[in-house]
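1. just coords:
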């Protein structure tokens, strides 16, 4: 029998098929943008917990009421002023034990960034967007202070031109070609100098 | 005389479309690779609030999602108050603990401690429901949470 060559497959419709698939994936694609404000919840406290006494001047109270108004240290405040007020409180260094603070050293405000606590309280009727805005401003206050500190400490440890947020990003980045252990040290140092002490009242 | 070319030869040749499938396939592969299918069908409105101090959520650790917001169009029978959604259906606050436990069972043992709960809450929801969720998460001992937000200026919320 004579060998018959197989007829060529017509590939003209290949483009149509590919387009069909392409459009399907175009429609179903959601580019994920999972980013947000990370928080750690306090664990459930045991029944017989001792009351810790904290000096009133070391607490910065922020209250958001049901009408989304802010009451900061018993005074009404606009959201845009919150960050500056928080920075002033945290960076105060009232008892002089903080040699890296740039604050006013007001004896009536916080003693040390390590002791300063921000207490956030909200009501059930508070809207979520306001709550997130306040959280964001308070995190921003910490980040601002840490960034400033990082720009001072960094160059001494050969990490110049890098603020704190950048440092953390580089630390997580596998492509970063610097000394990661040293970077971790700097990050930890700044973290202990300006610890994030944000407590939420339930 | 054949010296003069006929007018027909002077026309532009048709564009060769032989490489069109290649181009389309290239695009196709790109989209196939970046596509992440939606994990849950949303039954609620979910417009996230804005913030600018955001951290990227690490995908290498397990993440569970909790949604909350007003029931969206077609689900009006569930009321106009913000409701909770777990997986693909509306849920009650008391179901969170069971949900977290089932999520923990689904992941590898050594990763259980790294489970992060991502709260995707609508901007118009009030803090009542969020506070309840947080309380339940504390009871379930799932303490790592992440408030999912869109990037933008927080002052414009």
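-> Received the coordinates, thanks. Given the structure is predicted, the values throughout are model-derived calculations rather than measurements.

2. would you tell me whether the top helix by length along chain B gets close to chain A?
-> For chain B, the helix reaching the highest residue count under DSSP state H is reported as helix B:20-34. Yes: residues of helix B:20-34 contacting chain A under CB under 8 Å from any CB of the partner chain: B:20-21, B:24-25, B:27-28, B:31-32, B:34. For every residue, glycine as well, the C-beta is placed using N, CA and C.

3. name the nearest residue to residue A:199, sequence neighbours excluded.
-> residue A:119 (5.2 Å; CB to CB, 6 or more residues apart in numbering or on different chains).

4. residues contacting the one you found?
-> A:59-62, A:199-201 (CB atoms under 8 Å, 6 or more residues apart in numbering or on different chains).

5. which strands or helices does the longest helix of chain B pack on?
-> For helix B:20-34, the packing partners by 3 or more CB pairs under 8 Å, 6 or more residues apart in numbering or on different chains; DSSP states H and E come out as helix A:14-28.

6. which elements pack onto the helix it packs on?
-> Helix A:14-28 packs on helix B:20-34, going by 3+ CB pairs under 8 Å, 6+ apart.

7. which outside residues touch whichever helix or strand comes after the helix it packs on?
-> Note on helix B:20-34: by DSSP states H and E, the next helix or strand toward the C-terminus is strand B:50-51. Strand B:50-51 has contacts (CB under 8 Å, 6+ apart) with A:36-37, A:129, A:132-133, A:135-136, B:147, B:149-154, B:156-157.

8. over to stretch A:10-23?
-> Counting by CB under 8 Å, 6+ apart, residues outside stretch A:10-23 touching it are B:17, B:20-21, B:24-25, B:27-28, B:31.

9. what mean pLDDT does that stretch get?
-> Mean pLDDT, computed over stretch A:10-23, is 81.

10. buried sites along it?
-> A:15, A:18-19, A:21-22 (16 or more other CB atoms under 10 Å in any protein chain shown).

11. how many residues are close by residue A:69?
-> 14 (other CB atoms under 10 Å in any protein chain shown).

12. from residue B:123, how far off is it?
-> 18 Å (CB to CB, to the nearest Å).

13. same question, residue B:31
-> For residue B:31, the distance to residue B:123 - CB to CB - is 30 Å.

14. hmm, back to that, just the buried subset of the contacts of stretch A:10-23, please.
-> Buried members of these, scored by 16+ other CB under 10 Å, are B:21, B:24-25, B:28, B:31.

15. and the longest helix anywhere in chain A, does that touch chain B?
-> Scanning chain A for the longest helix, with DSSP H as the assignment, gives helix A:128-156. Yes: Helix A:128-156 reaches chain B (CB under 8 Å from any CB) through A:128-133, A:135-137, A:139-140, A:143.

16. buried among those? Make that a ChimeraX selection.
-> Applying 16+ other CB under 10 Å to the residues of helix A:128-156 next to chain B, the buried members can be selected in ChimeraX as follows:
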select /A:128,129,130,131,132,133,135,136,137,139,140,143
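
17. turn the residues of helix A:128-156 next to chain B into CSV, including distance to residue A:6 and pLDDT.
-> CSV is the format used below for these (distance: CB to CB, whole Å; pLDDT from 0 to 100):
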residue, distance to residue A:6, pLDDT
A:128, 65, 90
A:129, 66, 90
A:130, 71, 90
A:131, 69, 90
A:132, 65, 91
A:133, 68, 91
A:135, 68, 90
A:136, 66, 91
A:137, 71, 91
A:139, 67, 90
A:140, 69, 91
A:143, 67, 90
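
18. picking that back up, among the contacts of residue A:119, which one sits closest to chain B?
-> Of all the contacts of residue A:119, chain B sits closest to residue A:200, with 8.2 Å by CB to the nearest CB.

19. can you tell me the closest non-neighbouring residue to the closest one?
-> residue A:120 (5.1 Å).

20. same thing with residue B:53?
-> Counting by CB to CB, 6+ apart, the residue nearest residue B:53 is residue A:139, at 4.3 Å.

21. quick one: contacts for the one you found?
-> A:37, A:196, B:53.

22. same check, this time on residue B:142
-> A:41, B:64, B:100, B:115, B:117.

23. show me where chain B has helices.
-> Using DSSP H, helices in chain B cover B:20-34, B:96-106, B:127-139.

24. close to chain A, is the shortest one?
-> This means helix B:96-106. No: for helix B:96-106, no contact with chain A is found by CB under 8 Å from any CB; the gap never falls below 12.1 Å.

25. now do that helix against helix B:127-139, angle only.
-> Put simply, helix B:96-106 runs at 50 degrees to helix B:127-139, going by axes from the mean of the first three to the mean of the last three CA atoms, to 10 degrees.

26. what's helix B:96-106 in contact with?
-> So helix B:96-106 is contacted by B:62, B:64, B:66, B:84, B:86-87, B:91, B:112, B:115, B:117, B:133, B:136-137, B:139-140, B:142 (CB under 8 Å, 6+ apart).

27. low-confidence ranges in chain A?
-> Where chain A drops to pLDDT under 70, the residues are A:1-3, A:31-33, A:47-49, A:202.

28. can you give me the helices for it?
-> Using DSSP H, helices in chain A cover A:14-28, A:79-90, A:128-156, A:164-172, A:180-193.
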